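**Q** following is a predicted model, sequence given first.
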Amino acid sequence: MMKLKFYYYSCSPEYVQKIDLGLYDQIISIISRIPKRPTQSEINADLFWLFTSEGWNYDNVPSGAADDSTDVGDINQALDDIKKNNNRNLCLTSTTLDTRWHADFAKSFNSKLVQIEAQFGKVEAMFKDFCGFRIAYAERRLNLGIVIVLSDPPAYFAHRKNAISGIASFDIAKNTLTTIGLDCPIWLIGIDE
């Protein structure tokens, strides 16, 4: 089971629970079920299956999730059914700008939109995620943005340190949030093995 770190930027656990009583526990449960994986693409595939099995909408199917099977938990859901039920528009960053940006996952809780970005890529992509949340919040669409990153990428991927330089991490994300001064609620979650 994964160990998790949290940082609440302009929000709190109570704020998350006010969006939906089960939201906090659902997010913790989903992320805690991710097994240790050797690559970022495998983690993304696991998150895809875990979030969509809980009714979350998604932007795109990660390459590692292109078939109808997963070995994560007891998920028994066909990819075709997931695709039929997907409302990708909930993942849109903006409905007024022509950005065509999408969050990785999104779900509406009684008209309260929550978007999730799983960022296992470069730090620069994390900045785009923050900017996307800020835009959606400014449009009064987003109630909460959630960013999932690794707490310590070199430790997690010790077997391939040369291939992961510049990856977003919990401390970089936290320090960036406190420095750039966004005015939208963001729940930062760091994954440790």
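**A** Looks like it arrived, so ask away. Numbering: from 1, shown residues only.

**Q** give me the number of neighbouring residues for the closest residue to Phe109 other than its chain neighbours.
**A** Leaving aside its chain neighbours, Phe109 sits nearest to Asp20 (3.9 Å; criterion: Cβ to Cβ, 6 or more residues apart in numbering). C-betas here are computed from N, CA, C, even on glycine. Neighbour count for Asp20, taken as other Cβ atoms under 10 Å: 18.

**Q** quick one: residues contacting Asp20.
**A** Applying Cβ atoms under 8 Å, 6 or more residues apart in numbering, one finds that Asp20 lies in contact with Phe109, Asn110, Lys112.

**Q** excluding chain neighbours, give the residue nearest to the last one in space.
**A** Among residues not flanking Lys112 along the chain, Asn143 sits closest, at 4.2 Å (Cβ to Cβ, 6+ apart).

**Q** any idea which helix or strand comes after the lowest-mean-pLDDT helix or strand in the chain?
**A** Here the helix or strand of the chain ranked lowest by mean pLDDT, DSSP states H and E is helix 153-156, holding a mean of 79. For helix 153-156, the succeeding helix or strand toward the C-terminus, using DSSP states H and E, is helix 170-180.

**Q** phi, psi of the residue nearest to Phe109?
**A** Per-residue torsions, Asp20: phi -160, psi 130 (degrees, to the nearest 10).

**Q** report the buried residues of the helix ranked longest in the chain.
**A** Across the chain, the helix with the greatest residue count (assigned by DSSP state H) is helix 123-138. For helix 123-138, burial by neighbour count (16 or more other Cβ atoms under 10 Å) applies to Met126, Lys128, Asp129, Phe130, Gly132, Phe133, Arg134, Ile135, Ala136, Tyr137.

**Q** show me what counts as buried in stretch 75-87.
**A** So, applying 16+ other Cβ under 10 Å, buried residues of stretch 75-87: Leu79, Ile82, Asn86.
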